[in-house]
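Chemist: Got a sequence here, can you build the structure:
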Amino acid sequence: MDALERKTGWGSPAATVLEAAAYMAWADGRIAPEEVSATRGVATVLGVAELGTVGPGILSRGPVEPAVLSLERLGRRERELVYATAAWIAMADGVVDTSEQRALRILQGRLGLRAERCADIEEMVYMHSGEGDWDRRYASVLNTLGTS
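Modeler: Got it, this is the predicted structure:
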């Protein structure tokens with residue numbers, strides 16, 4: 001995760017994580033207030049809040065296609081972080097609907113992650129889901145992911 005902390009401009013791994021959050025937030029065709037809060041938490045914890053996340057920010061750009069996510073240069077841990085963040089956003093409003101499940105499976109394929117590992121990540125993220133204090137809870141996801 002150190003690489004994420006050192007590089008925070010567009011095109012950086014941290015920016016890719018933020019773009020994946022936007023992809024997932026738009027997966028069901030609407031942005032819930034909890035998804036906005038969760039995305040801001042992601043941006044704050046990763047130190048990329050300056051990349052257009054103030055106000056409507058990155059989410060106001062509209063849906064993000066998975067093909068535009070720069071995933072090829074990411075290492076295994078960074079790929080898992082992208083997936084964990086997407087799951088975090090999918091769970092933010094308390095409902096993971098079929099379009100969000102489909103988006104997670106597309107992302108799993110693009111990231112080259114095994115289904116079993118994704119299920120483990122989803123379970124871990126679920127343990128940190130809930131209301132409020134988005135920054136602290138997302139930081140807990142990162143800490144747990146770093147030790148799993």
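Chemist: so what secondary structure elements neighbour the longest helix belonging to the chain?
Modeler: In the chain, taking DSSP state H as the definition, the longest helix is helix 76-92. Packing partners of helix 76-92 (3 or more Cβ pairs under 8 Å, 6 or more residues apart in numbering; DSSP states H and E): helix 2-6, helix 13-25, helix 33-46, helix 98-111, helix 115-127, helix 134-147. The C-beta positions use only the backbone N, C-alpha and C, and glycine is treated the same way.
Chemist: Sort out which residues of it are buried, please.
Modeler: 78-92 (16 or more other Cβ atoms under 10 Å).
Chemist: Next up, the contacts around the spatially closest residue to residue 79 that is not a sequence neighbour.
Modeler: Sequence neighbours aside, residue 111 is the residue nearest to residue 79 in space, at 4.4 Å (criterion: Cβ to Cβ, 6 or more residues apart in numbering). By Cβ atoms under 8 Å, 6 or more residues apart in numbering, the residues touching residue 111 are 71, 74, 79, 82, 83.
Chemist: Quickly note the distance from the residue nearest to the spatial centre of the chain to residue 33.
Modeler: By Cα atoms, centre = their mean, the chain has its centre lying nearest to residue 85, at 2.5 Å. Per Cβ to Cβ, to the nearest Å, residue 85 is found 18 Å from residue 33.
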